[in-house]
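S.K.: return a 3D structure for these sequence lines:
(chains A and B)
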There are 2 protein chains.
Amino acid sequence: MNPQQQPQPPKMPIPGVRHLVAVGSGKGGVGKTTVAVNLSLALAALGRKVGLLDADVYGPNVPLMMGVNEPPRATGDRIHPLDKFGVKLMSMGFLNPGDKPLVWRGPMLHSVIQQFLRKVEWGELDYLIIDLPPGTGDVALSLIQTAPLSGAIVVTTPSDVSLEDARKAVNMFGQVRVPILGLVENMSFLVAPGSGERIDVFGHGGGKRTAEQMNVPFLGELALDPEVRIGGDTGHPVTARPEGDAHAKPFHELARRMEEQCQAAQSAGPTITVED
Amino acid sequence: MNPQQQPQPPKMPIPGVRHLVAVGSGKGGVGKTTVAVNLSLALAALGRKVGLLDADVYGPNVPLMMGVNEPPRATGDRIHPLDKFGVKLMSMGFLNPGDKPLVWRGPMLHSVIQQFLRKVEWGELDYLIIDLPPGTGDVALSLIQTAPLSGAIVVTTPSDVSLEDARKAVNMFGQVRVPILGLVENMSFLVAPGSGERIDVFGHGGGKRTAEQMNVPFLGELALDPEVRIGGDTGHPVTARPEGDAHAKPFHELARRMEEQCQAAQSAGPTITVED
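M.R.: Presented below is the predicted three-dimensional model:
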């Protein structure tokens, strides 16, 4: 029941990858993939080398949101990631395109995820962002127990239902000693495009409050912005737009805050780092 | 890979339960539990005897939405469901309250779900509504392969990302020959409370279009209604309000349409029914 009591498998580093950051959520549909995609592009815009691994094996939405879906090339037993908007990509969606449901069970998925981590030619990366499946199920748990994560971001909406599940996700990472880089409140509020009326569709402020209660950093609020949703649905993330775009700005700020927390977690952690 | 090729375990009926209806979604956070809860209360308002089984073991939100959370009583090896708003309830949340993540793996969960179906004193029910976990993972698959389902409802939002996953869920039910009672488009549109401006936050119309393309019934649109969300967050579903409430009306209509489809599926199906 308590993963800390189980023997932990060794967390082998991934050669060339500096920071491995998981983006998770307790509940699905809170915008976890939207955050993972736009955070990746925002980090790339800061000049970082970025990879994005879509580990949401049952509902891999990264291909749709990034507007790319083709089988990756392989050389021997090495898989070459795709490249879009300057970000290296791997997703179950590239291997199982279309509407067929994936009905593989836990152990098989565990093996696929390990291959995505270990057999993909990620090359030199500052950040490999992992879009986890929602919740605290088999795949999420296997991954965070075996991957050498620098930290995790937990995405929630301000609704109590979503916050209830977010607390579980924060605790799951805590149990396996993965530092929480921060909580993000997504779909924080909506600004009506016509009237400018501000609507707290899912409530407001619960993310910040929960972060304070759980003593984890709060990375900020992201509006329920129809432009962001359209960007995802059409494969043109708002963060791919020219610099200064108002819809992309919150994600660029998120990327900067995440970098700060990532560095703070690294200097606080027990890992011995050799700077070159 | 294809569940049809596997030997199917026998689907034992649940004594006293007339119709077993699953509410599923490809993606989480589309309002599956909101639909399951309000549909259950709307069926009860029609005079039906209703039970609601929260099978979303990793994120059981039914206790919060129904405003009840206490350990159920047991007599011998029989568990007594809770009762709220005239609906019988069972949820993993009653057994694992609070913020502890459930990190059980597939086989253990399968056994818990079977106990929820078989060892709970559901009594005489017209409908036992099952709130499935989102997606097409282990728990959902085990359940739909072993429970004698009359049919399934698939909830989606109009966003392309959600529709992509909804198609997978429809296909999953098809593969194990569970009739689709219909697709529901939730969060269809938002009416700004102040200005009355209508906002298609997640797009609009994709649910109906997808239902037509997949040749399954369309059960209707539900607005992204902050009152409905507040009802869920505070444990007072809108369908518990006095008759004629405008926010509850779409759910009462949904209940009527679902009953029609349930009867149609029954008369079309191969089951021999003995009417008393």
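S.K.: and the contacts of stretch A:214-221?
M.R.: By C-beta atoms under 8 Å, 6 or more residues apart in numbering or on different chains, the residues outside stretch A:214-221 that reach it are A:153-154, A:167, A:170, A:180-185, A:188-189, A:207-208, A:211-212, A:250, A:253-254, A:257-258, A:261. Yep, even glycine has a C-beta here, placed from its N, CA and C like the rest.
S.K.: swap the cut-off to 7 Å and go again
M.R.: A:153, A:167, A:170, A:180-185, A:188, A:207-208, A:211, A:250, A:253-254, A:257-258, A:261 (C-beta atoms under 7 Å, 6 or more residues apart in numbering or on different chains).
S.K.: and it, how far from the chain's centre?
M.R.: Its chain's C-alpha centre and that of stretch A:214-221 lie 16 Å apart, by C-alpha atoms, centre = their mean, to the nearest Å.
S.K.: so which bits of it are buried?
M.R.: Counting neighbours by 16 or more other C-beta atoms under 10 Å in any protein chain shown, one finds that the buried residues in stretch A:214-221 are A:Met214, A:Val216, A:Pro217, A:Phe218, A:Leu219, A:Gly220, A:Glu221.
S.K.: which of the residues you listed fall in helices?
M.R.: Under the assignment DSSP state H, the buried residues of stretch A:214-221 contribute A:Met214 to helices.
S.K.: going by distance to A:Gly196, which of the buried residues of stretch A:214-221 wins?
M.R.: Proximity of these to A:Gly196 (C-beta to C-beta) peaks at A:Glu221, which lies at 17.7 Å.
S.K.: quick one on the thing from earlier: in strands, which of the contacts of stretch A:214-221 fall?
M.R.: Mapping the contacts of stretch A:214-221 onto strands (DSSP state E) picks out A:Ile153, A:Ile180, A:Leu181, A:Gly182, A:Leu183, A:Val184, A:Glu185.
S.K.: thought the last one was touching A:Gly207?
M.R.: Translated: A:Glu185. Yes - applying C-beta atoms under 7 Å, one finds A:Glu185 in contact with A:Gly207, separated by 2.7 Å.
S.K.: pull up the overlap in contacts between the two.
M.R.: Shared contacts of A:Glu185 and A:Gly207, defined by C-beta under 7 Å, 6+ apart, comprise A:Thr156, A:Pro158, A:Glu221.
S.K.: so what's the first one up against?
M.R.: Meaning A:Thr156. A:Ser25, A:Val30, A:Ser162, A:Leu163, A:Ala166, A:Leu183, A:Glu185, A:Gly207.
S.K.: number of residues surrounding the fourth one?
M.R.: Residues within reach of A:Leu163, counting by other C-beta atoms under 10 Å in any protein chain shown, total 25.
S.K.: and the one helix or strand it maps to, does that touch chain B?
M.R.: Taking DSSP states H and E as the definition, one finds A:Leu163 inside helix A:160-175. Yes - with C-beta under 7 Å from any C-beta of the partner chain as the criterion, chain B is reached by helix A:160-175 at A:Asp160, A:Val161, A:Glu164, A:Asp165, A:Arg167, A:Lys168, A:Ala169, A:Asn171, A:Met172.
S.K.: by neighbours, which of those wins?
M.R.: Compared across those, A:Asp165 has the highest neighbour count, 31 neighbours, by other C-beta under 10 Å.
S.K.: that residue reaches A:Gly29, doesn't it?
M.R.: No - in this structure A:Asp165 lies outside contact range of A:Gly29 using C-beta under 7 Å: 10.8 Å.
S.K.: what segments of chain A are strands?
M.R.: A:17-24, A:50-54, A:74-75, A:78-79, A:82-84, A:87-91, A:125-131, A:151-156, A:180-185, A:190-191, A:198-199, A:218-221.
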